[in-house]
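In: here are the coordinates; sequence isn't available:
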C-alpha cells in the first residue's frame, strides 16, 4: 500500500522517473502520484507497492537500454551507489541524469529537496518535516548516558534494533531527546568500528552518511580519519583498535547474532537496521529512535 500520498496537485502527473537508488525510490514513491516511478532497481524494496514500475537491474549493473526505453524525464542516481560508466551511457542517450551526493545528514536533507523538486513535487511532504524534527531532537550525550546504563532486556520493544508498532515517537522522545530515565549528560562518546562487509572485512571510513548519523548519536567511528571511505581492514587490526562497540548493520552484509558479534569478543555488539543507518528518505523519521534503541541494546 502506498503511504504518505501527496495532496492533490503536489506533483505533475506527467513526470516520468527512473530511480537507480533504493532510498530515493522510497522518497519519490510516497511523495508523488501513482505512475510517476516508471523504473526502479531490483534492490528497491520500499514501499512494497511500487505501482508496477519496471525492474531495470541492479544499482551497479542497470540495463541502460531498458532505462532509455522507458523514456523518463529524469533518472535519479547517486555518486556512491551507481557507476559513472552507466550514468555516462544514459546521458549519451539524451537522458537527464540527476546525481546526488550524500555524505552527511544535512546533505541528505538538501538533496532530498532537490530530488523531489526534479520529480515535480511542489508541496513539501510531511515525512521530510518529521525526519528533520526527529534528528533535531537528538541529544548525543543522552544516548551515550543510556549506553552506560547497560543493555535493555531483549523483551523490551525495540531490542536489537526492532521497532514496536506505535512506539517510534515515544521512544525517540525518551531515549534520544533524553527525557527518560538513565539519560544524564556527561557521558563520553563511545568508540566503535562499523563493518559493512565480511570476507574481507570492510568498515566505515571517512565522510560517510552512516558515520555522520552515528556521530550524532554519540558514537565515534575509530576509522573516521582513514583516507578511504570504505577501507579493508584485517580483523586483528580492528580488534587492536580496542573499540567499545562494534556496530553491525544487516545490509549490505547481513550481520546477525550468529554472524559478526563472535569476531569481537571484547566489544559490545549493536545489531542495527541497515535501512535506518544507510537510507536517506522517509525512514529517517524513525532512524534516530531505532538506532538509539539498538545501541542501547548492545550486548556481549
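Out: Good, I have the coordinates. Remember, it's a predicted structure, so these values are computed and weren't measured experimentally.
In: Now do the phi/psi pair for the residue lying closest to residue 216 once chain neighbours are set aside.
Out: The shortest distance from residue 216 to any non-neighbouring residue, by C-beta to C-beta, 6 or more residues apart in numbering, is to residue 138 (5.5 Å). All C-beta atoms are positioned from the backbone trio N, CA, C, and that covers glycine. For residue 138, the backbone dihedrals (degrees, to the nearest 10) come out as phi -70, psi 130.
In: cool, and residue 293?
Out: phi -60, psi -40.
In: likewise residue 66?
Out: Backbone torsions for residue 66, taken as degrees, to the nearest 10, come to phi -70, psi -40.
In: burial measure for it, as a count.
Out: 14 (other C-beta atoms under 10 Å).
In: How about the contacts made by the spatially closest residue to it that is not a sequence neighbour?
Out: Distances taken as C-beta to C-beta, 6+ apart place residue 56 nearest to residue 66, at 4.8 Å, with adjacent residues excluded. Counting by C-beta atoms under 8 Å, 6 or more residues apart in numbering, residue 56 makes contact with 18, 20, 39-41, 62-63, 66-67, 70.
In: and these as TSV, adding distance to residue 224 and pLDDT?
Out: Output for the contacts of residue 56, formatted as TSV (distance: C-beta to C-beta, whole Å; pLDDT from 0 to 100):
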residue	distance to residue 224	pLDDT
18	34	98
20	28	98
39	36	98
40	32	98
41	29	97
62	31	97
63	37	98
66	39	98
67	35	98
70	39	97
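In: Quick check: next helix or strand after the lowest-mean-pLDDT helix or strand in the chain?
Out: Least confident helix or strand, the chain: helix 168-171 with a mean of 40, by mean pLDDT, DSSP states H and E. Note on helix 168-171: by DSSP states H and E, the next helix or strand toward the C-terminus is strand 190-193.
In: Tell me the strands beside that next one, with direction?
Out: strand 219-221 (parallel), strand 245-249 (parallel) (DSSP bridges).
In: List the contacts of that strand.
Out: 144, 147, 203, 214, 218-223, 233, 238, 241-247, 264, 267, 270, 295.
In: If any of those residues are buried, put those into a ChimeraX selection.
Out: The buried subset of the contacts of strand 190-193, as determined by 16 or more other C-beta atoms under 10 Å, is captured in ChimeraX by this line:
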select :144,147,203,214,218,219,220,221,222,223,233,238,243,244,245,246,247,264,267,270,295
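In: Among the strands paired with strand 190-193, which comes closest to residue 114?
Out: strand 245-249 (26.2 Å; C-beta to C-beta).
In: how big is the angle separating the next helix or strand after the closest one from strand 245-249?
Out: Later in the chain than strand 245-249, the nearest helix or strand by DSSP H and E is strand 268-272. Strand 268-272 runs at 20 degrees relative to strand 245-249, counting by axes from the mean of the first three to the mean of the last three C-alpha atoms, to 10 degrees.
In: tell me the mean pLDDT for strand 268-272?
Out: Averaged over strand 268-272, pLDDT sits at 96.
In: Show me what it is packed up against.
Out: Using 3 or more C-beta pairs under 8 Å, 6 or more residues apart in numbering; DSSP states H and E, the elements in contact with strand 268-272 are strand 245-249, helix 287-296.
In: To residue 31, which of those lies closest?
Out: helix 287-296 (17.7 Å).
In: which of the contacts of residue 56 are buried?
Out: 18, 20, 39-41, 62-63, 67, 70.
In: quick revisit: Throw the contacts of residue 56 into JSON lines and include distance to residue 77 and secondary structure, thanks.
Out: Formatted as JSON lines, these follow (distance: C-beta to C-beta, whole Å; DSSP: H, G, I helix; E, B strand; the rest coil):
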{"residue": "18", "distance to residue 77": "9", "secondary structure": "strand"}
{"residue": "20", "distance to residue 77": "5", "secondary structure": "coil"}
{"residue": "39", "distance to residue 77": "12", "secondary structure": "strand"}
{"residue": "40", "distance to residue 77": "12", "secondary structure": "strand"}
{"residue": "41", "distance to residue 77": "10", "secondary structure": "coil"}
{"residue": "62", "distance to residue 77": "9", "secondary structure": "strand"}
{"residue": "63", "distance to residue 77": "14", "secondary structure": "coil"}
{"residue": "66", "distance to residue 77": "15", "secondary structure": "helix"}
{"residue": "67", "distance to residue 77": "10", "secondary structure": "helix"}
{"residue": "70", "distance to residue 77": "15", "secondary structure": "coil"}
